[in-house]
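In: A predicted structure for the sequence below; I have some questions about it.
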Amino acid sequence: MELIISFIISFVLTWFVFRNDQFLEEKRNCPMKESIMAMAKENSNNKTMRKELKEYSLLKIQEGHFEYSDVLETLKSDNNNDKTRT
């Protein structure tokens with residue numbers, strides 16, 4: 001029993017000490033967010049581009065890049081502005 005408990009404790013401690021922070025850093029980095037945001041602002045009138053940007057942003061959010069919700073908010077606000085202009 002002591003052997004099992006010591007193995008579990010050593011495994012957990014080893015995982016905390018040697019865990020791969022690169023995976024967590026990858027989740028924090030959004031390499032294309034700025035360019036996607038610029039495309040969302042510039043091409044707000046193009047329905048096909050809006051659809052593609054929305055789908056791409058949703059995929060990135062599913063992968064853990066929650067910063068892409070800003071792109072969705074931009075698309076949503078541009079869509080609301082377009083409706084009020086016409």
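Out: The structure has been received and is ready for your questions. On a predicted model such as this, the values are computed, not experimentally measured, just so you know.
In: all helices of this structure, in order?
Out: Per DSSP state H, the chain carries helices over the ranges 2-18, 21-28, 33-42, 47-62, 69-85.
In: ranking those helices by mean pLDDT, which is last?
Out: Sorting these by mean pLDDT places helix 21-28 lowest, at a mean of 56.
In: re earlier: and the helices of the chain as a markdown table, adding mean neighbour count?
Out: (C-beta placed from N, C-alpha, C; glycine too.) Converted to a markdown table, the helices of the chain look like this (neighbours: other Cβ atoms under 10 Å):
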| stretch | mean neighbour count |
| --- | --- |
| helix 2-18 | 9 |
| helix 21-28 | 10 |
| helix 33-42 | 15 |
| helix 47-62 | 15 |
| helix 69-85 | 13 |
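In: spatially central residue in the protein, please.
Out: His65 (1.4 Å; Cα atoms, centre = their mean).
In: ok, it touching Met32?
Out: No - the criterion here is Cβ atoms under 8 Å, and His65 misses it with Met32 at 9.4 Å.
In: distance of the residue nearest to the centre of the chain relative to Val71?
Out: Distance from His65 to Val71, counting by Cβ to Cβ, to the nearest Å: 10 Å.
In: quick one on the thing from earlier: report pLDDT for the residue nearest to the centre of the chain.
Out: For His65, pLDDT reads 77.
In: so what's the backbone phi/psi at it?
Out: Here is the backbone geometry of His65 (degrees, to the nearest 10): phi -90, psi 80.
In: and Glu63, by the same measure?
Out: The phi/psi pair for Glu63 (degrees, to the nearest 10) reads phi -80, psi -10.
In: what distance do you get for it to Tyr56?
Out: Counting by Cβ to Cβ, the gap from Glu63 to Tyr56 is 11 Å.
In: hang on, the earlier thing: list residues touching both of His65 and Val71?
Out: Residues touching both His65 and Val71 (Cβ atoms under 8 Å, 6 or more residues apart in numbering): Lys33.
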